[in-house]
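Student: Sequence and predicted model, in that order:
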Amino acid sequence: MIEVVCGVIYNEHGQVLICRRAKHKSLAGYWEFPGGKIETDELPEQSLSRELLEELGMEVSVQDFIY
């Protein structure tokens with residue numbers, strides 16, 4: 001089993017950020033919440049912060065999470 005994280009990021013107007021999958025990836029063109037795989041010895045919150053920085057150049061602090 002591969003553990004993954006995703007972020008549900010919304011603004012003050014209730015708009016939610018979603019991303020379109022790149023052409024070179026599986027399911028290209030489909031929409032998804034940003035995120036990715038949890039690396040070895042990484043907490044889910046750390047993984048999400050890292051993935052958002054790598055994928056979108058966003059620095060975030062995780063407020064709430066659901067397992």
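Tutor: Received the coordinates, thanks.
Student: Please report phi then psi for residue 32.
Tutor: Note on residue 32: its backbone torsions stand at phi -150, psi 160 [degrees, to the nearest 10].
Student: Look at residue 44 and say how many residues are nearby.
Tutor: One way to gauge burial is a neighbour count; for residue 44, by other C-beta atoms under 10 Å, it gives 16. Placement of C-beta: from N, CA and C, glycine included.
Student: Cross-check the contact I'm expecting between residue 27 and residue 21.
Tutor: Yes: using C-beta atoms under 8 Å as the test, residue 27 is close enough to residue 21 to be in contact (5.4 Å).
Student: Neighbour count: the two, which is higher?
Tutor: Neighbours per residue (other C-beta under 10 Å) separate residue 27 from residue 21, with residue 21 holding more: 13 against 9.
Student: which residues sit in contact with that one?
Tutor: Listed by C-beta atoms under 8 Å, 6 or more residues apart in numbering, the contact set of residue 21 reads 27, 28, 29, 30, 31, 32.
Student: Neighbour-wise, which one of those residues leads?
Tutor: Ranked by neighbour count (other C-beta under 10 Å), the contacts of residue 21 have residue 32 at the top, with 12 neighbours.
Student: Identify the residues contacting residue 4.
Tutor: Contact criterion C-beta under 8 Å, 6+ apart gives 35, 36, 37, 38 as the residues in contact with residue 4.
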